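Trainee: sharing a sequence plus its predicted fold:
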Amino acid sequence: NLQIQFTDTRDLPKDLFKAFCAADEDRTGQIDYDEFCQVCADIGLKSLSPADKKTLFLQCDKDRGGTVDFSELLKVIVINLVHI
């Protein structure tokens, strides 16, 4: 099971939403895998391996449509969250 570590989670939803909106350049409310990777980098998950990023993205993309919305992303990040 993938575990995401943050030292301070208080601002995570707000920071994640800002990163999501910045990555959603076409303003569809959905991000694709490349945009997802940018979100990961923006919220401090630069050290995730490509395989872990793909796993995390696929956990978000339940319908396998190739995109995820913010609620899907937030849910999966929180499920995988480990507070350190």
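Mentor: Thanks, I have it.

Trainee: any regions of the chain where pLDDT drops low?
Mentor: 1-9, 82-84 (pLDDT under 70).

Trainee: what about stretch 11-28, distance to the chain center?
Mentor: 9 Å (Cα atoms, centre = their mean, to the nearest Å).

Trainee: give me the contact list for it.
Mentor: Identification of contacts with stretch 11-28 by Cβ atoms under 8 Å, 6 or more residues apart in numbering yields 6, 30-31, 35-36, 38-39, 42-43, 67, 70, 73-74, 77, 81. The C-beta positions use only the backbone N, C-alpha and C, and glycine is treated the same way.

Trainee: distance of Glu35 from Lys46?
Mentor: According to Cβ to Cβ, to the nearest Å, Glu35 stands 15 Å off from Lys46.

Trainee: likewise for Asn80?
Mentor: 16 Å.

Trainee: the two: which is more packed in?
Mentor: A count of neighbours by other Cβ atoms under 10 Å puts Asn80 above the other of Asn80 and Lys46, at 16 against 9.

Trainee: quick check: the more buried one touching Lys53?
Mentor: No. Using Cβ atoms under 8 Å as the test, Asn80 is too far from Lys53 to be in contact (11.9 Å).

Trainee: and the strands in the chain?
Mentor: With DSSP state E as the criterion, the chain has strands at 4-6, 30-31, 68-69, 81-83.

Trainee: mind checking which of the contacts of stretch 11-28 are in helices?
Mentor: Counted as lying in helices by DSSP state H, out of those, are 35-36, 38-39, 42, 70, 73-74, 77.

Trainee: I'd like those laid out as a markdown table, including neighbour count and distance to Lys14.
Mentor: Below are those laid out as a markdown table (neighbours: other Cβ atoms under 10 Å; distance: Cβ to Cβ, whole Å):
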| residue | neighbour count | distance to Lys14 |
| --- | --- | --- |
| Glu35 | 19 | 19 |
| Phe36 | 22 | 18 |
| Gln38 | 17 | 17 |
| Val39 | 26 | 13 |
| Asp42 | 16 | 12 |
| Phe70 | 18 | 12 |
| Leu73 | 23 | 14 |
| Leu74 | 17 | 11 |
| Ile77 | 22 | 13 |
